[in-house]
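Engineer: quick one: sequence plus predicted model below, questions after.
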Amino acid sequence: MRLQTTRNFLFASAAAVAFASPAFALDGADVLKKINAAYHVQGAEIAAKSIAVNGSTVTFSGVTFNATTAKEQVIPVGDVTLDGVEEDNGGYTIEKMSFDNVKYAQENVAIDVSDIYVSGIVVPADATTGKLDSMMLYDEAHSGPVSVKVDGKEAFALEETTTTLTKSSDDSTISFDLNATGFKADLSGVTDPKTKDAIDKLKVQQLSGEMTMNGSWEIAPGTMTIDEYALDLKDVGRLNMAFSFSGYTLNFIQSMQEAVKAQAANPNKEQADQAAGLAMLGLMQQLSFVSAEVSFEDASITKRAIDYAAGEQGMTGEQLSQTIKGMVPLMMAQLNVPELQNAVSAAVNAYIDNPKNFTISAAPAKPVPFPMIMGAAMGAPNTIPQVLGVTVTANE
């Protein structure tokens, strides 16, 4: 009886060891292979000198990142740790991918970046389906403090950068949101006399602010929409760009990458450039312009800029303001677009008199194919404002 019990225990122990053996462990090489299959669509790949697996943690050591379209661009990354790795229908999910802190120093420049990670990663089983499930997505990409020093003095700093992706419930759209906070730039170290004089008179020795971007990508029609891409600087102003175009599909991206790779592989540079140019023109046929807007909200930089420019020309700020208001109608008249001429003149006059905000918008009634825009630019440039539905406003 005791012998039978002992034998059963040994069999159970052997079974437990078997199921815990490497045959049932994660395949670190396959994880890297699947990641690279997804990266190739974006024209990049990573390599690792060694791969180690410990439970659900995979560590890539001696990692390098390089563009598949230009093999000479190899960037050393260091070690990358993947925590919470699980197989998922031939692909993988990764709770968190952490990177070594960046410490780069060459000559008089030193760059430090810390707390770099990506979380909620989904690695596709098949990156060639041309659908959303073929893309490597993530929930959040994060970078902590960034510091750039020149001659031991900090010239640029960033407290934190966070990018998030959100997939719609029907898998038709990906929304994205980027926030870069704690931006600082020190221009007081500029030594060129003329540039330093401009910086001092414009009072931009120390710049601070933040950058934000958000938008969405509709997969099937390839409609890329950037609702906000803004840089907001204290005592300067807020510059924001928004735009939308369609036709930017997964197939379009793959075709573009193939064209660039073919260009890099061709030893005949002139022939390669011509072939790439033709390929890009062909790809442009697939894109359509939907809308665009550029706006600026002044935070006192406009008056300082006018005063500085006036001083350079031996004028007062008021004299230069009146000169600008008088020149704009004459310059616009050369374009032969009367409606836009009146709108631009009115907007410039209003903004010069009381700088608040200035906006240039283009919103056609329906999407305009890029080839049509190019044709108008070459054949009848004065029709572009009407084709694109351009408007100009100020202080609204």
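Structural biologist: Happy to help now that I have it. In this text, all values refer to a predicted model and were calculated from it rather than measured experimentally.

Engineer: average pLDDT for stretch 57-70?
Structural biologist: Mean pLDDT, computed over stretch 57-70, is 82.

Engineer: same question, stretch 352-360
Structural biologist: pLDDT averaged over stretch 352-360 gives 96.

Engineer: gap between the two ends of it?
Structural biologist: End-to-end span of stretch 352-360 (Cα to Cα, to the nearest Å): 16 Å.

Engineer: please apply the same query to stretch 181-198.
Structural biologist: 26 Å.

Engineer: now do the buried residues in it.
Structural biologist: 183, 185-187, 190, 198 (16 or more other Cβ atoms under 10 Å). Where you see a C-beta, it was placed from the backbone N, CA and C, and this is true even at glycine.

Engineer: how about the strands in the stretch 101-250 of the chain?
Structural biologist: In the stretch 101-250 of the chain, the strands defined using DSSP state E, counting those that start in this stretch lie at 102-106, 109-113, 116-123, 140-143, 146-150, 153-158, 160-167, 173-186, 206-218, 223-233, 237-246.

Engineer: between strand 153-158 and the second one, find me the angle.
Structural biologist: Which is strand 109-113. 30 degrees (axes from the mean of the first three to the mean of the last three Cα atoms, to 10 degrees).

Engineer: can you show me the CA trace of strand 109-113 as PDB?
Structural biologist: The C-alpha trace of strand 109-113 is given here as PDB (Å, rounded to 0.1, in the frame of the first residue of the first chain):
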ATOM      1  CA  VAL A 109      25.600  67.200 -25.800                       C
ATOM      2  CA  ALA A 110      24.000  64.900 -23.100                       C
ATOM      3  CA  ILE A 111      20.500  63.400 -23.400                       C
ATOM      4  CA  ASP A 112      18.700  61.600 -20.600                       C
ATOM      5  CA  VAL A 113      15.200  60.000 -20.800                       C
END
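
Engineer: distance between that strand and the chain's centre?
Structural biologist: The chain centroid and the centroid of strand 109-113 are separated by 21 Å under Cα atoms, centre = their mean, to the nearest Å.

Engineer: for the third one, same thing?
Structural biologist: Strand 116-123 sits 17 Å away from the centroid of its parent chain (Cα atoms, centre = their mean).

Engineer: got it, and the fourth one?
Structural biologist: Here strand 140-143 shows a centroid-to-chain-centroid distance of 13 Å under the convention Cα atoms, centre = their mean.

Engineer: next SSE downstream of the host helix or strand of Lys261?
Structural biologist: Secondary structure from DSSP states H and E places Lys261 in helix 250-265. Next helix or strand after helix 250-265 toward the C-terminus (DSSP H and E): helix 269-284.

Engineer: same for that next one, what does it pack against?
Structural biologist: Applying 3 or more Cβ pairs under 8 Å, 6 or more residues apart in numbering; DSSP states H and E, one finds that helix 269-284 contacts helix 250-265, helix 370-379.
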